[in-house]
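> Below is the sequence, then the predicted model.
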Amino acid sequence: MVMINDYHIGNSLVNLWERNSLHNMKKKNSDRVYIVDGRERIGKSIWTIQQMCAIEPGLLESPEKLVSRICFTPEEFNKVARETKNGVFAFDEAFRGLSSRSAMSKINKKIVQTLMEMGQNNNIAFIVLPSIFLLDIYPAMLRSDGLFHIHENKKARRRVFTGYNRKDKNQIYQIGLRRGWTYPFSSPFKDCFSPKFPGGEEFEKAYLHKKAEALRTMDFGEMEDKMLTIAKHMRTVEGKQWKEIGEKLGMSAEAIRKRLQRTDIHLYDISNKIEEKDVHTVIEH
């Protein structure tokens, strides 16, 4: 481990960012897009911000500069992608609260548009979301360069990341869609990480304030989305445990239970309302 500011970055990540530095992006006239996924409150946002600051230490000049590169809406993501030249930024919690299928379709279209337009700016972008399987094929397979899955090492009780290169990421996406959002294999590229926020308390407060303001403007009205449909099917038809459902969908078991309760549909009365073809349609959407 090496210490950068007030957080830990493992040597494997240091080497990765040295090979894929902003300097090299400009020199090669290239860019990078990385997907970061994991269940709610597992630390994927903090992990991403740590990487952003390691890639571009100048973000720690002020809290305002750091949070200006962290986007919470597809429109802000598009704006920052167009205006940032040879820098790093993130679309944080890309699908939080925007749960309807139509809303997710709109977000995916905006992500695709942004990624198509950002190629000339030599940037590095992170897309942070509960599961890679929420993304359409272009950002998930064709445009992104790697996947970082954030999860918990149950034996050590520590949060870890597992990194996948482009080839393995694409295999996971293809296999996982067919098998109900599973991660069929692991990777030797993994390590634990610190829960510390880069820059300290002042920077964390600025981030949380912006995040809270963004959440207040989001639409939480339509909760009958693809994740809830799959969760209902897994619970009532397949008889899966809440913990297993949460792990597959990138959400905590408690969050899924609460969201299902808000639909006002009794869990044991819906098995006949969700047909097998509907579940496959949602998974493949």
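Perfect, I can see it now.

> so where's the stretch 51-200 of the chain uncertain?
For the stretch 51-200 of the chain, the stretches with pLDDT under 70 are 94-103.

> do that again at 90, thanks
Counting by pLDDT under 90, the stretch 51-200 of the chain has low-confidence residues at 93-108, 117, 119-120, 134, 153-157, 177-182, 194-195.

> Strands of that one, start to end?
Applying DSSP state E, counting those that start in this stretch to the stretch 51-200 of the chain gives strands spanning 70-71, 88-91, 124-129, 146-153, 158-165, 190-192.

> Which neighbouring elements make contact with the fourth one?
If you count contacts as 3 or more C-beta pairs under 8 Å, 6 or more residues apart in numbering; DSSP states H and E, strand 146-153 packs onto strand 32-37, helix 44-55, strand 158-165, helix 166-178. C-beta: built from backbone N, CA, C; applies to glycine.

> Using PDB, write out every CA atom in it.
Written as PDB, here are the backbone C-alpha positions of strand 146-153 (Å, rounded to 0.1, in the frame of the first residue of the first chain):
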ATOM      1  CA  GLY A 146     -13.100  -1.800 -17.500                       C
ATOM      2  CA  LEU A 147     -15.400  -2.700 -14.600                       C
ATOM      3  CA  PHE A 148     -14.700  -2.300 -10.900                       C
ATOM      4  CA  HIS A 149     -17.100  -4.300  -8.700                       C
ATOM      5  CA  ILE A 150     -17.300  -3.000  -5.100                       C
ATOM      6  CA  HIS A 151     -18.300  -5.600  -2.600                       C
ATOM      7  CA  GLU A 152     -17.600  -7.000   0.900                       C
ATOM      8  CA  ASN A 153     -15.100  -9.600   1.800                       C
END
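
> now it, how far from the chain's geometric center?
10 Å (C-alpha atoms, centre = their mean, to the nearest Å).

> Show me which residues of it are buried.
146-152 (16 or more other C-beta atoms under 10 Å).

> One more: the fifth one?
Of the residues in strand 158-165, 159-164 count as buried by neighbour count, 16+ other C-beta under 10 Å.

> What helices and strands are in contact with that strand?
Strand 158-165 packs on strand 146-153, strand 190-192, going by 3+ C-beta pairs under 8 Å, 6+ apart.

> got the angle for that strand vs strand 146-153?
Here strand 158-165 points in a direction 160 degrees away from that of strand 146-153 (axes from the mean of the first three to the mean of the last three C-alpha atoms, to 10 degrees).

> possible to save the helices and strands packed on strand 146-153 as JSON lines with distance to A212?
Formatted as JSON lines, the helices and strands packed on strand 146-153 follow (distance: least, C-beta to C-beta, whole Å):
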{"stretch": "strand 32-37", "distance to A212": "21"}
{"stretch": "helix 44-55", "distance to A212": "13"}
{"stretch": "strand 158-165", "distance to A212": "23"}
{"stretch": "helix 166-178", "distance to A212": "32"}
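
> Of all these, which one comes closest to N123?
strand 32-37 (7.9 Å; C-beta to C-beta).

> Return the list of strands paired to that closest one, each annotated with direction.
The pairing partners recorded for strand 32-37 under DSSP bridges are strand 124-129 (parallel), strand 146-153 (parallel).

> Compare those strands and report which one is nearest to K210.
Comparing the strands paired with strand 32-37 by their distance to K210 (C-beta to C-beta), the top pick is strand 124-129, with 14.2 Å.

> S21 and E56 touch, don't they?
No: using C-beta atoms under 8 Å, S21 makes no contact with E56, being 9.4 Å away.

> Among those two, which residue is more densely surrounded?
Of the pair S21 and E56, E56 is the one with more neighbours under other C-beta atoms under 10 Å, namely 22 against 15.

> Name all residues that make contact with the more buried one.
By C-beta atoms under 8 Å, 6 or more residues apart in numbering, the contact set of E56 is 22, 87-88.

> Identify, from the residues you listed, the entry nearest to M52.
V88 (4.9 Å).

> quick one: what helix or strand has K27 in it?
helix 22-28 (DSSP states H and E).

> CA atoms of that helix as CSV?
Taking Å, rounded to 0.1, in the frame of the first residue of the first chain, the C-alpha atoms of helix 22-28 are listed here in CSV:
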residue,chain,number,x,y,z
LEU,A,22,-4.2,12.1,-18.1
HIS,A,23,-0.8,12.8,-19.6
ASN,A,24,-0.9,9.6,-21.6
MET,A,25,-4.5,10.3,-22.7
LYS,A,26,-3.5,13.6,-24.2
LYS,A,27,-0.3,12.2,-25.7
LYS,A,28,-2.2,9.3,-27.4
